[in-house]
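A.B. asks: Sequence first, predicted coordinates after that:
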Amino acid sequence: MSVQSIGVIGAGAWGTALATAARRAGRHVTIWARDPDLAARLNREHANPDYLPSIALDPAIGATGDLAEAVNSDALLLAVPAQHLRWIGGKLAPLVFAGTQGLPLVICAKGMEQGSGALMSEVLAEVLPGRRLAVLSGPSFAAEVARGLPCAITLAAEHGETATELAAALGSETFRPYRSQDLIGAQIGGAVKNVMAIACGIVAGRALGDNARAALIARGLAEIMRLGAALGARRETLMGLSGLGDLTLTCTSPQSRNYALGAALGGGESLDGLMAGRRTVAEGVFSASAVVRRAGRHGIEMPIAQAVDDILNRGADIEDSIRALLARPFTAETS
């Protein structure tokens with residue numbers, strides 16, 4: 001099938017940015033907003049000032065509060081926060097036919113489900129069994145994508161023809177999809193890098209220096225590789241855009257919500273204060289416990305992820321957590 005129309009499920013910053021990318025690629029685009037008032041505002045103002053201020057949207061991008069209207073497309077981009085994917089999957093279940101020729105559902109959330117430790121594809125396999133799934137992930141700040149700045153991402157699908165067809169539908173001069181069949185690897189990198197970005201933000205907030213941040217990125221990648229290997233991810237995926245690429249971006253820029261949150265924590269602000277009234281989502285806050293839980297099932301050590309989880313969810317003192325990491329035994333770098 002030829003993908004000519006794209007439904008974007010979620011009208012936050014990332015969903016809006018993906019809508020602009022799809023429209024720039026020449027697709028007919030409908031974006032679904034949970035809040036009908038936001039949908040009306042998008043149609044009236046051709047802008048999303050709540051999430052992407054100062055970004056003008058192509059007037060041809062339509063918005064709706066009716067999920068069935070957005071589903072009437074050739075492919076769906078699921079751009080809701082990771083912890084809401086199960087809910088939206090349930091809403092989509094009666095609207096999306098199963099089967100290999102059914103509507104492709106592209107997972108665009110980067111995270112793991114907090115309660116279950118499930119990957120996003122595993123969540124959808126429960127609530128939308130038998131559907132055609134793909135994963136879009138990689139180093140991609142929403143504002144830069146919306147502005148049309150160059151970006152390369154991983155587009156993974158179990159069946160190669162699905163990835164090829166979606167890449168052709170979404171790709172443009174400045175939005176460059178690289179095809180993969182490794183759905184697991186594309187998700188592991190995207191989920192764990194958010195946790196590592198919080199750690200790197202804490203390093204910045206504590207003024208521990210660029211050496212410490214570089215070490216965290218390298219050792220964070222080692223943790224991603226260990227978890228990925230246990231879950232069946234391909235090494236080359238984790239060393240690519242959706243692994244190393246996304247990790248590097250998120251751990252080095254204050255544009256990252258997770259890095260910025262970590263920096264504020266490292267500077268002495270409280271997590272409750274930072275989370276109160278947030279309009280945007282720092283996925284690493286929710287994924288930290290899921291990552292640690294999933295690693296524990298496989299007997300995998302992830303000391304950086306564990307430290308972040310302890311700080312976020314178990315009231316651990318930041319200084320004590322840093323000291324504990326620095327006091328770990330000297331080991332071979334391949335450990």
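C.D. replies: Arrived safely, thanks for sending. Numbering: from 1, shown residues only.
A.B. asks: for the stretch 51-200 of the chain, what spans make up the strands?
C.D. replies: 62-64, 75-78, 105-107, 133-137, 151-157, 175-180 (DSSP state E, counting those that start in this stretch).
A.B. asks: can you list these in JSON lines and add mean pLDDT and distance to Asn313?
C.D. replies: The C-beta positions use only the backbone N, C-alpha and C, and glycine is treated the same way. Output for those, formatted as JSON lines (pLDDT from 0 to 100; distance: least, CB to CB, whole Å):
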{"stretch": "strand 62-64", "mean pLDDT": "97", "distance to Asn313": "36"}
{"stretch": "strand 75-78", "mean pLDDT": "97", "distance to Asn313": "26"}
{"stretch": "strand 105-107", "mean pLDDT": "97", "distance to Asn313": "25"}
{"stretch": "strand 133-137", "mean pLDDT": "97", "distance to Asn313": "24"}
{"stretch": "strand 151-157", "mean pLDDT": "97", "distance to Asn313": "29"}
{"stretch": "strand 175-180", "mean pLDDT": "97", "distance to Asn313": "32"}
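A.B. asks: Tabulate the ones you listed (a markdown table), appending distance to His298.
C.D. replies: Output for the strands of the stretch 51-200 of the chain, formatted as a markdown table (distance: least, CB to CB, whole Å):
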| stretch | distance to His298 |
| --- | --- |
| strand 62-64 | 42 |
| strand 75-78 | 27 |
| strand 105-107 | 22 |
| strand 133-137 | 21 |
| strand 151-157 | 21 |
| strand 175-180 | 23 |
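A.B. asks: To Arg27, which of these lies closest?
C.D. replies: With CB to CB as the criterion, Arg27 lies closest to strand 75-78 of those, at 8.7 Å.
A.B. asks: can you list contacts of the closest one?
C.D. replies: 3, 5-10, 15, 18, 22, 70, 85, 88, 92, 96, 103-109, 136, 166, 169 (CB atoms under 8 Å, 6 or more residues apart in numbering).
A.B. asks: Could you dump the strands of the stretch 51-200 of the chain into JSON lines with mean neighbour count and distance to Leu231 added?
C.D. replies: Below are the strands of the stretch 51-200 of the chain laid out as JSON lines (neighbours: other CB atoms under 10 Å; distance: least, CB to CB, whole Å):
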{"stretch": "strand 62-64", "mean neighbour count": "20", "distance to Leu231": "36"}
{"stretch": "strand 75-78", "mean neighbour count": "26", "distance to Leu231": "21"}
{"stretch": "strand 105-107", "mean neighbour count": "25", "distance to Leu231": "15"}
{"stretch": "strand 133-137", "mean neighbour count": "28", "distance to Leu231": "13"}
{"stretch": "strand 151-157", "mean neighbour count": "24", "distance to Leu231": "14"}
{"stretch": "strand 175-180", "mean neighbour count": "20", "distance to Leu231": "15"}
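A.B. asks: picking that back up, list only those of the contacts of strand 75-78 flagged as buried.
C.D. replies: 3, 6-10, 15, 18, 22, 70, 85, 88, 92, 96, 103-109, 136, 166, 169 (16 or more other CB atoms under 10 Å).
A.B. asks: Which members of the residues you listed are positioned in helices?
C.D. replies: Among the buried ones among the contacts of strand 75-78, the members falling in helices (DSSP state H) are Gly15, Leu18, Ala22, Ala70, Leu85, Ile88, Leu92, Leu166, Ala169.
A.B. asks: for the stretch 201-335 of the chain, which spans come out with low pLDDT?
C.D. replies: Scanning the stretch 201-335 of the chain for pLDDT under 70 picks out the ranges 277-278, 335.
A.B. asks: Please enumerate the helices of it.
C.D. replies: For the stretch 201-335 of the chain, the helices defined by DSSP state H, counting those that start in this stretch cover 210-231, 235-238, 246-250, 257-266, 271-275, 283-297, 303-313, 318-326.
A.B. asks: need the contact list for the spatially most central residue of the chain.
C.D. replies: In the chain, the C-alpha nearest the mean C-alpha coordinate belongs to Lys110, at 2.1 Å (CA atoms, centre = their mean). Listed by CB under 8 Å, 6+ apart, the contact set of Lys110 reads Ala82, Ser137, Gln187, Gly190, Ala191, Lys193, Asn194, Asp246, Glu283.
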